[in-house]
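Visitor: Prediction below, plus the sequence it came from.
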Amino acid sequence: MPQDDAPKKKQGRTAELGSTAKLEAQQRIQQAKAATSDIQQWASDLCHGSREALSRAITLAESTLPTDRARLELLLKLTHQPDRSQSSWRIGITGVPGVGKSTFIEEFGLEWLRKGHRVAVLAVDPSSQRSGGSILGDKTRMERLTRSTDAFIRPSPAAKTLGGVSRATHESILLCEAAGFDRILVETVGVGQSETEVKNLTDVFLLLMLAGAGDELQGIKRGIMEMADLILINKCDGLNIQQAQQAVAVYQQAIHLFPVPAGDHQVEVTAISALENTGIESTCKQVESLMESWHSTGWIQELRSSQCQHQFERHIRDLLVEQTLLNPLQQSHLEQLQSEVQRQHISAYAAARLWIQSLASKT
Ligand SMILES: Nc1nc2c(ncn2[C@@H]2O[C@H](COP(=O)(O)OP(=O)(O)OP(=O)(O)O)[C@@H](O)[C@H]2O)c(=O)[nH]1
Ligand SMILES: [Mg+2]
């Protein structure tokens, strides 16, 4: 090969590589544009009330894949509708398994539908063993609600971490509101910390209880009673009526011993029967009266602001953990500290502080 041909060939190869890179970059831009326009269409369908678009959006909210998180962020931005969120009521419903939450939610939901509202039902299930098992059952139990085009029932997300479920539920609430649902019912599934999570995501918190287990207050976590804005003694029907009414009196006395709730209202105790649909309409009225008074005092705005702040801090913690603990570049230092903590050469607190200091010095 003549010597002066070599630079030309090299130039040719460079140009070839350059044009391939350009082509790939163009393809990437086109794909990104197509994805953005897909999401724009998706957002528009959602805002027009499409339940299918909403369902897909919630699946996206439940995903932990970084690419899905980015798409969700865009979708949330495109569907952001503060007016719809402001006019929506977020209602949490809790109670021990079998108390009748699902039966109650169907009747309660139907009552809101009759009043001309659109109802979304979400569940928070932090227990990994029950990732949606009860929900198929719930969908059949809420058959009449499922049939209405103005209702949306969402199975519980498969639980990974409690924080993850709560994040997905918060975003799901926003998505339901963007889709025009204005009564959001959030049911706790499973027991334990989920009550606190749901309390932190909702405006008003209903506690369903049962009468007649000997000492009425036995086995009931005082903390959960303190969170309740309304207490409903369910299954007040058949042979259970007298017992239920006695339970109302016992709980009414008990709540006087509790601190005044943050909404500065009197917690009412009522006997209902979800099965026979008694007391459901009056429960709606009680919720209306609480929400109306909280709107007029400005308490709802205050509550939601503090809930947003709570979510913000949670996201910071989650992102910090994700970006630091999972960062492969920092792994060896982290492992070294972990081993020192395990061998008790250093206290857990001191190791954590050293770790954070070393991160700060690298930024
Ligand atoms: N007698 C009577 N039975 C009821 C009432 N409400 C619910 N039940 C029954 O109680 C059982 C449990 O009701 P669910 O609505 O599934 O209770 P749940 O709290 O959703 O239960 P989990 O989802 O397992 O936590 C079912 O057999 C219902 O038919 C009621 O008001 N009266
Ligand atoms: Mg249920």
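Guide: Sure, I can see it. Only a predicted model underlies this, so the values are computations on that prediction, with no experimental measurement involved. Residues are numbered from 1 along each chain as shown. Ligands and ions are numbered 1, 2, ... in the order given.
Visitor: pLDDT score for Leu275?
Guide: Here, the pLDDT recorded for Leu275 equals 95.
Visitor: Also Gln218?
Guide: pLDDT for Gln218: 48.
Visitor: just the one 3 residues further on next, same as before
Guide: The predicted local confidence for Lys221 comes out at a pLDDT of 67.
Visitor: what comes into contact with stretch 170-180?
Guide: The set of residues that contact stretch 170-180 without belonging to it, under C-beta atoms under 8 Å, 6 or more residues apart in numbering, is 46-47, 49-51, 53-54, 57-58, 61-62, 72, 75-76, 79-81, 84-85, 88, 90, 118, 120, 122, 152, 154, 184, 186, 201, 311. Placement of C-beta: from N, CA and C, glycine included.
Visitor: Send me it as CSV with only the CA atoms.
Guide: As requested, the backbone C-alpha atoms of stretch 170-180 are provided in CSV (Å, rounded to 0.1, in the frame of the first residue of the first chain):
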residue,chain,number,x,y,z
HIS,A,170,-49.4,8.8,47.3
GLU,A,171,-48.7,9.0,43.5
SER,A,172,-51.7,6.8,42.8
ILE,A,173,-53.9,9.3,44.7
LEU,A,174,-52.6,12.2,42.6
LEU,A,175,-53.2,10.2,39.4
CYS,A,176,-56.8,9.2,40.4
GLU,A,177,-57.5,12.9,41.1
ALA,A,178,-56.0,13.9,37.8
ALA,A,179,-58.4,11.4,36.2
GLY,A,180,-61.3,13.2,37.8
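Visitor: buried sites along that stretch?
Guide: His170, Glu171, Ser172, Ile173, Leu174, Leu175, Cys176, Glu177, Ala178, Ala179, Gly180 (16 or more other C-beta atoms under 10 Å).
Visitor: Next: stretch 295-311.
Guide: Of the residues in stretch 295-311, those buried under the neighbour-count criterion (16+ other C-beta under 10 Å) are Trp299, Ile300, Leu303, Gln307, Gln311.
Visitor: Contacts only, for the second one.
Guide: In this case it means Ile300. Under the contact definition (C-beta under 8 Å, 6+ apart), the residues listed for Ile300 are Asp203, Met291, Trp294.
Visitor: OK, contacts around Leu257?
Guide: If a contact means C-beta under 8 Å, 6+ apart, then Leu257 has no contacts.
Visitor: And it, what's its pLDDT?
Guide: At Leu257 the predicted local distance difference test score is 85.
Visitor: Mind telling me which residue of the stretch 1-150 of the chain is nearest ligand 2?
Guide: Per C-beta to the ion, Ser102 is where the stretch 1-150 of the chain lies closest to ligand 2, at 3.4 Å.
Visitor: average model confidence for the helix or strand hosting that residue?
Guide: With secondary structure defined by DSSP states H and E, Ser102 is part of helix 101-114. Along helix 101-114, the predicted local confidence has a mean pLDDT of 96.
Visitor: From the rest of the structure, what touches it?
Guide: 93-95, 119, 121, 137-138, 141-145, 148, 150-151, 183, 185, 187-188, 208, 232, 234, 272, 274-275, 277, 280-281, 283-284.
Visitor: Tell me where the model's unsure across the stretch 101-250 of the chain.
Guide: For the stretch 101-250 of the chain, applying pLDDT under 70 flags the ranges 125-141, 156-165, 190-192, 212-221.
Visitor: switch the cut-off to 50
Guide: Scanning the stretch 101-250 of the chain for pLDDT under 50 picks out 128-136, 214-216, 218.
Visitor: show me where it has helices.
Guide: 101-114, 133-141, 143-147, 162-178, 194-199, 222-227, 241-255 (DSSP state H, counting those that start in this stretch).
Visitor: Cool, thanks, signing off.
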